[in-house]
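Student: A predicted structure for the sequence below; I have some questions about it.
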Amino acid sequence: QLQLVESGGGLVQPGGSLRLSCAASGFTSNYYVIGWFRQAPGKEREGVSCISRSPSNTNYADSVKGRFTISRDNAKRTVYLQMNDLKPEDTAIYYCAAGNIFYPGNFNMRENDYTTWGHGTQVTVSA
C-alpha cells in the first residue's frame, strides 16, 4: 500500500521561500503522477502543481507559475515543491497525492484522479 508523508511547512514572511517534501513508501510503482494541492481556510482545495514519473513532465497553476518548482528524486522516492517569493495568499494546508493521469498542455488537476493522499503540511505566509 502506497503511503505519502509531507514535510517542510512552516511560517515564513512574504517574499520568503520554503521547500516541501513528499516522501513515498510502500508500493511506489503503482502511481504515475504526484501532485501538490492546497486548501486555504474557507476555500476549496485546488491543484498547485504535478509531475509525472517518466518522463518528468510538469505543470503548474497560473497562480504559482514562475515562483514554484516541482521536482523528484527517484532514488529517495521523494517529490519536492520549491516555493519562492511566497505571498500571504499562498497560506494553506498543502497536500501531496498520487494518481495515474497527467494532462499535458493547459493546467488541469482533478482531485478524483488522485487515489492516495498525505495528511498535509501547513504553510503560513505572514509578516
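Tutor: Thanks, I have the structure now. Residues are numbered from 1 along each chain as shown.
Student: setting aside sequence neighbours, what's the nearest residue to the residue nearest to the spatial centre of the chain?
Tutor: For the chain, W36 is the residue whose C-alpha lies nearest the centre (Cα atoms, centre = their mean; 2.0 Å). In this structure, W36 finds its nearest non-sequential neighbour in V48, 4.4 Å apart by Cβ to Cβ, 6 or more residues apart in numbering. The way it works is simple: take the backbone N, C-alpha and C, and place the C-beta from them, glycine included.
Student: so after the helix or strand encompassing that neighbour, what's the next helix or strand?
Tutor: V48 belongs to strand 46-52 when assigned by DSSP states H and E. Remark: after strand 46-52, the chain's next helix or strand is strand 58-60, criterion DSSP H and E.
Student: count of residues packed around the residue nearest to Q39 when sequence neighbours are not counted?
Tutor: Nearest non-adjacent residue to Q39, counting by Cβ to Cβ, 6+ apart: R45, 4.1 Å away. Here the number of neighbours of R45 (other Cβ atoms under 10 Å) works out to 16.
Student: specify the beta-bridge partners of the residue nearest to the centre of the chain.
Tutor: S49, C96 (DSSP bridges).
Student: so what's it up against?
Tutor: 20, 22, 47-50, 70, 79, 81, 94-97 (Cβ atoms under 8 Å, 6 or more residues apart in numbering).
Student: now it: how far from R67?
Tutor: According to Cβ to Cβ, to the nearest Å, W36 stands 13 Å off from R67.
Student: what of T28?
Tutor: 28 Å.
Student: now F27
Tutor: Between F27 and R67 the computed distance is 33 Å (Cβ to Cβ).
Student: out of the two, which sits in the busier spot?
Tutor: With neighbours defined as other Cβ under 10 Å, F27 and R67 compare such that R67 has more, 15 against 12.
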